[in-house]
Structures are given as structure tokens and as C-alpha cells.
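1. pasted the sequence and its predicted model underneath.
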Amino acid sequence: MTGDALHFHYDVDGNNFTSAGEASVQVKRTLRQMGYHPDLIRRISVAMYEGEINMVIHAKGGDADVYVTPDCITVILKDVGPGIKDINLAMQEGYSTAPDNIRSLGFGAGMGLPNMKRYSDELKIDSVVGVGTTIEMKFKSA
Amino acid sequence: MTVSQLIEKTGYEPLLLSDGDREVTGGYAGDLLSWVMGRADSGDCWVTIMSNVNVAAVGQLTDCACIVFSEGVRPDEAAVNAARLHGLNMLLSEKSTFEICVEVGALLK
């Protein structure tokens, strides 16, 4: 994505579970300063947090990019993790491949992708097993 | 009802009170963080036994009015530090999650 979009880039550290969410929290703060509606900001930051957590759990981190244009906010999450074997299954609420230690942290409920779909206006998943996953979420702001 | 008023009425221990004037408008109980993120509303009193640092991020993202740790659970230091950074309210109680929900629910009526 190029052009007149404002662009924010974040590295998601895959080794650090405690810092997961930093990018979403920063995006939340930035969008708030820009004057966006709290409900929209909430949807974006929650969906992005789910994506961040997924990248930490499954892919040892990745890149998060946020593009802001007058009528749309786009979040792109890209990792070089194991990929998603069955996207339809992964989209089902409650389906999870997260290990037990992740569940004990409160994650791995199988709600990550469903929440991303629920909160975004458009969700695109491009995943190749053994190569990685790119997720694009669009949020209409006008 | 503000968070300070909630503390006054229930006796929950204020572990971290960043904004006592924050209005409590609803409630949610849960420990699975994605579930909480998908369902808790802004202004909720969130009751949980989950005590790690991710609780602070979820509290911030859902914009809940306060987090009440039930059953005598205490959040770890990293969680409290992160919550302080985000301006969250954290309360403690020995009561069960169910008892707290009943209590807060009655106060919100």
C-alpha cells in the first residue's frame, strides 16, 4: 500500500510474551490522538492484539503495519511462521492449536481469528504452510 | 457509580487506583483473554482470576473501568506495573467470581 496513507510500522517480538500487545496499545494511543471514535479504536486495537498474540504463539513474531487513509484503516500482519493448515477450521470459535503453556496464560481459547473477523470490516488471510501468514484487516472509518 | 464508590460499597481492596472517578457501567467475568476481549464492554467491571501481565493489555484494550481479582488472587508485579502505565484500576477481593458478580450486579441496578 502506497500513496497518501499514513504508515506506522511495528516489530512484534516473538520471544517476549509480556511485551505482546505493545503495538496494539501504541496504535490505540495514536488513533485516539487523531480523534477517531472510541468504538472504532477499540475494534481495531482488539483485532490487532489478537493478531499480535497469534504471531507470538505460533510464528515467533513478525511485522505489523498500519495504514491510515481518510476513509479506511488497514492493518497488515505478516509472519514467516508455520502457516495455517485449515483456515476454515481456524476460523471456528473454540478451535485452537495453541500449546498448554499458552492456555495457562489465558490465551488459546480459539477466539483469535473469529475476533479479528468479528471486529474488522474485511479480513483477508493469505497463508502457506511452511512459508508464513499474512493477514489484512480493513476498518472503515467513514 | 464510580470505581471509588464501588470500593466504598463493597470493601474491595484498591491495589491500584489510577482513576477513581471512572464510571462503572457494566460488568464481565472471564479468564480466557480472547473471550474477554471479544465480549467485555468499555466501562465494565471485569472480574477475573487471571493474574499475568496480559491482563493489563486486555484491560487497556477493552477500556474496562476496573479489574477485580477474585478468589484472593493477586496480579503479579509486571501486571501491576503495566496497569499503572495504562492508567487502569485494579481491585482485590477474597470473594468468589460469582459472589462478586452478584454484588456488583446488584449495585449497578
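-> Here it is on my side, so go on. Numbering: from 1, shown residues only, chains lettered A, B, ... in the order given.

2. for the rest of this, base every contact and every neighbour count on C-alpha atoms.
-> Noted.

3. what residues does chain A put near chain B?
-> By Cα under 8 Å from any Cα of the partner chain, the residues of chain A that approach chain B are A:18, A:20-21, A:25, A:28, A:42, A:45-46, A:50, A:105-112, A:115.

4. just checking, next helix/strand downstream of the lowest-mean-pLDDT helix or strand in chain A?
-> The weakest-scoring helix or strand in chain A, judged by mean pLDDT, DSSP states H and E, is helix A:100-103 (a mean of 86). Downstream of helix A:100-103, the first helix or strand assigned by DSSP states H and E is helix A:112-119.

5. who are the packing partners of that following helix?
-> Contacts defined by 3 or more Cα pairs under 8 Å, 6 or more residues apart in numbering or on different chains; DSSP states H and E place helix A:112-119 against helix A:38-59, helix B:33-39.

6. right, and the helix or strand after the last one?
-> Translated: helix B:33-39. strand B:44-48.

7. thinking again about what came up before, need the helices and strands packed on helix A:112-119 in JSON lines (columns: mean neighbour count).
-> Converted to JSON lines, the helices and strands packed on helix A:112-119 look like this (neighbours: other Cα atoms under 10 Å in any protein chain shown):
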{"stretch": "helix A:38-59", "mean neighbour count": "23"}
{"stretch": "helix B:33-39", "mean neighbour count": "22"}
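
8. any idea which of those scores lowest on pLDDT?
-> Mean pLDDT values for the helices and strands packed on helix A:112-119 show the minimum at helix B:33-39, a mean of 87.

9. is that helix in proximity to chain A?
-> Yes. Using Cα under 8 Å from any Cα, helix B:33-39 reaches chain A at B:33, B:34, B:35, B:37, B:38.

10. which residues touch the first one?
-> Pointing back at residue B:33 there. Residues near residue B:33 by Cα atoms under 8 Å, 6 or more residues apart in numbering or on different chains: A:106, A:107, A:109, B:55, B:58.

11. same thing with the second one?
-> Under the criterion of Cα under 8 Å, 6+ apart, the contact list for residue B:34 reads A:50, A:106, A:107, A:108, A:109, A:110, A:111, A:112, A:115.

12. if I look at the closest residue to residue A:17 other than its chain neighbours, how far off is chain B?
-> Among residues not flanking residue A:17 along the chain, residue A:56 sits closest, at 6.8 Å (Cα to Cα, 6 or more residues apart in numbering or on different chains). Here residue A:56 is placed at a distance of 13 Å from chain B (Cα to the nearest Cα, to the nearest Å).
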